[in-house]
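1. Fold the following and give me the result.
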Amino acid sequence: MARTVHRGRWSLEDRAENFYQELPVDVPAGASALAVRLAFDRGAGVLDLGCFSPAGFRGWSGGARDSFTITADRATPGYLPGPLDAGTWHVCLGLHRVPVEGLAYELVVDTSADAPPPVPPQPAAPPVPARPPRRELPAEPGLRWLAGDLHSHTVHSDGALTVDELACLAAASGLDFLAVTDHNTVSHHPALPAAGRRAGVLLLPGQEVTRDTGHANAFGDIGWIDFRRPADDWLAETERRGGLLSVNHPLANDCAWRHPMVRRPRFAEIWHWTWLDRRWGGPLAWWLAWDPAVLPLGGSDFHTPAQGRPLGVPTTWVQCAGDDVLAGIDAGRIALSAGRDAPVLLRVGDELVVHDGDGTYLVDPDGGRRVVLGDRRSFPGRPGPHRLESADNSVLALVT
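-> Predicted structure coming up:
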């Protein structure tokens with residue numbers, strides 16, 4: 001066994017100079033396991049944790065963990081199993097919160113050629129639940145509306161559920177699809193197809209590219225996007241690989257969108273779970289100021305049932321050919337509602353169709369209002385963003 005120890009104190013100057021600090025670790029030939037332990041005072045600050053081999057990315061857990069293990073065939077969630085290439089590896093620390101007096105830390109890395117230390121086994125998959133009947137909504141010929149959520153997390157980052165548990169929760173919630181978007185990692189991607197088939201839910205591979213100055217979801221089976229690069233690179237690389245990039249929760253606390261960009265993404269998570277009082281016009285104002293041509297998406301940002309944020313709230317509806325959700329999003333066939341069974345506003349051909357919206361207002365891009373009477377009404381579908389509002393001006397549904 002070989003051991004590498006780094007000790008020190010990160011300062012405000014360190015954080016200002018380079019948010020990500022990489023500490024070298026020499027991995028000898030024949031090593032079968034890499035075990036990392038990070039210690040610091042969590043009451044005083046926050047350090048993010050990740051790992052890079054000579055060949056590139058091997059995992060990220062941010063502030064969710066203070067240890068991880070990588071072996072040839074298993075790894076702590078958030079990290080990629082595989083051969084341990086001989087050479088200089090780097091443990092990457094993100095200086096997320098550093099107090100004025102600095103933050104002391106100790107990093108211990110053990111490499112072993114013996115039997116690897118155990119990686120805790122994943123719990124057995126839960127029973128597949130009964131799912132509510134699918135909602136039948138008017139759609140264009142050959143297409144259908146699928147209900148989903150475009151923002152969720154598992155144990156592969158800072159979520160509480162395994163991929164299988166999350167898939168079963170999505171099925172019980174009546175969702176047709178769910179994007180699994182763990183922070184700065186793609187270690188969850190291999191588990192998605194089987195878990196989705198088992199639960200009867202389409203699980204979309206995603207990565208929440210995460211910096212302290214804003215987050216973005218990269219959708220698609222496109223591999224890992226380097227969060228350390230500028231946001232313009234996130235967009236260019238995601239599109240080059242055939243994926244879609246969306247700005248996440250642009251109005252938030254310290255993770256609001258503050259990345260300068262030469263070219264803006266086509267999508268933004270206008271409706272996030274934090275839009276608790278939908279009489280508040282902040283998200284709509286941001287959308288119209290940023291670019292009203294940006295296509296709005298919705299996401300619950302689900303982490304754990306204990307937080308009280310239901311999966312699928314809000315619901316993103318995508319009008320799809322078969323199960324090709326990403327193609328439907330790319331084509332702009334998107335609608336948002338407060339929940340799977342809430343009133344919806346759909347663009348179907350040349351019409352805007354309000355379903356289950358009796359007693360609401362249809363608000364057009366110029367602010368004009370038309371009263372909706374009846375459970376299903378159709379209106380001429382002029383271009384631009386439209387919304388449904390209740391009598392107290394709460395937003396109930398969005399479409400563009």
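2. Please list all residues in contact with the residue nearest to S246 when sequence neighbours are not counted.
-> For S246, ignoring the flanking residues on the chain, the nearest one in space by Cβ to Cβ, 6 or more residues apart in numbering is F267 at 3.7 Å. Every residue, glycine included, has its C-beta placed from N, CA and C. With contact set as Cβ atoms under 8 Å, 6 or more residues apart in numbering, F267 has these partners: 244-247, 294-297, 329.
3. in the sheet, who's paired with F267?
-> S246, L295 (DSSP bridges).
4. swap in L49?
-> G62, L93.
5. Report pLDDT for it.
-> At L49, the model reports a pLDDT of 98.
6. now W145
-> With respect to pLDDT, W145 has a value of 98.
7. The strand or helix carrying it: what's the following helix or strand?
-> Using DSSP states H and E, W145 sits in strand 144-149. Toward the C-terminus, strand 144-149 is succeeded by helix 163-172 as the next helix or strand (DSSP H and E).
8. Go ahead and name everything in contact with that following helix.
-> Residues outside helix 163-172 that contact it (Cβ under 8 Å, 6+ apart): 123, 125-131, 149, 152, 154, 156, 159, 161, 178, 180, 188, 191-192, 195-196, 198-201, 203, 302, 305, 311-312.
9. just stretch 329-338 next, same as before
-> Counting by Cβ under 8 Å, 6+ apart, 143, 145, 219, 244, 267, 270-271, 278, 295-298, 313-320, 328, 343-347, 396-400 sit against stretch 329-338.
10. Buried ones among those?
-> Neighbour-count burial (16 or more other Cβ atoms under 10 Å) applied to these gives 143, 145, 219, 244, 267, 270-271, 278, 295-298, 313-320, 328, 343-347, 396-400.
11. Of the residues you listed, which belong to helices?
-> Members of the buried ones among the contacts of stretch 329-338 lying in helices (criterion: DSSP state H): G328.
12. Identify the residue spatially nearest to A113, adjacent ones excluded.
-> Using Cβ to Cβ, 6+ apart, the nearest residue to A113 is G30, at 4.9 Å.
13. Give me the pLDDT for the closest residue to P127 other than its chain neighbours.
-> The spatial neighbour of P127 that comes closest, neighbours along the chain excluded (Cβ to Cβ, 6+ apart), is C168 at 7.6 Å. Note on C168: pLDDT of 98.
14. do the same with D254
-> Per-residue confidence (pLDDT) for D254: 80.
15. how many other residues sit next to it?
-> Using other Cβ atoms under 10 Å, D254 has 10 other residues around it.
16. repeat for L137
-> L137: 19 surrounding residues under other Cβ under 10 Å.
17. Quick one: residues contacting it.
-> 144-145, 317, 344, 346, 355.
18. go again using 10 Å as the cut-off
-> L137 makes contacts with 144-147, 317, 319, 335, 344, 346, 348, 353, 355-356, 376, as judged by Cβ atoms under 10 Å, 6 or more residues apart in numbering.
19. now do N393
-> By Cβ under 10 Å, 6+ apart, the contact list for N393 reads 278-281, 361, 363.
20. let's see it at 8 Å
-> N393 touches R279, counting by Cβ under 8 Å, 6+ apart.
21. Next: G381.
-> 347-352.
22. redo that, cut-off 10 Å
-> G381 neighbours (Cβ under 10 Å, 6+ apart): 346-353, 399.
23. do the same with N184
-> Contact partners of N184, counting by Cβ under 10 Å, 6+ apart, are 48, 50, 57, 59-62, 78, 92, 94, 157, 207-211, 215, 224-228.
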